[in-house]
Structure formats: structure tokens, C-alpha cells
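K.L.:
Here is a sequence together with a model predicted from it:
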Amino acid sequence: MANTIRPEFLELSEQDKELKRFFDFVRTVGKLVVTDGADEFVVECRRVTITQEARKRLTEGGPGGS
């Protein structure tokens, strides 16, 4: 996998072809359940629009900072 910006954000690289193919499938179907043994994972495509400035402000605790 490509570089990790933060634990909850993952940036894919060109080497992540299989994962990119999986996400293309998720985009097409919108939502699916993946079963791995006893575990089930719900994978859903949600479009999020947030600017880098807004993301930075949120991670710093809002307008007053942390």
C-alpha cells in the first residue's frame, strides 16, 4: 500500500491496482458486504467534499485550535 497520511486516511499508489479495481466495483454497486470467515464488513461509497483547509481546521480542534 502507498503512504499513510493518518491512520484513518490511506492514499493509494499506482502499485495498488487490485485495491483500485475493488474500489471501482464499490463505486459501481454503491454498497456491498464482504465476508471474511466470521467477520462481515460493509463497504460503502460515500462522496465527501471537504477542503484541505477545513480538514486541517477540524483535526486541530476547530476555530480555536487545541
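P.N.:
Yes, it's here.
K.L.:
what does the lengthiest helix in the chain rub up against?
P.N.:
Among all segments of the chain classified by DSSP state H, the helix with the greatest residue count is helix 17-29. Residues external to helix 17-29 that are found in contact with it (CB atoms under 8 Å, 6 or more residues apart in numbering): 1, 12, 32, 43-45. C-beta: built from backbone N, CA, C; applies to glycine.
K.L.:
what sits against residue 30?
P.N.:
With contact set as CB under 8 Å, 6+ apart, residue 30 has these partners: 44-45.
K.L.:
what are the phi and psi values for it?
P.N.:
phi 90, psi -50 (degrees, to the nearest 10).
K.L.:
circling back: would you turn the contacts of helix 17-29 into TSV with pLDDT and distance to residue 26?
P.N.:
Putting the contacts of helix 17-29 into TSV (pLDDT from 0 to 100; distance: CB to CB, whole Å) gives the following:
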residue	pLDDT	distance to residue 26
1	51	17
12	85	13
32	94	6
43	93	5
44	92	7
45	89	5
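K.L.:
filter the residues you listed to the buried ones?
P.N.:
Among these, not one counts as buried by 16 or more other CB atoms under 10 Å.
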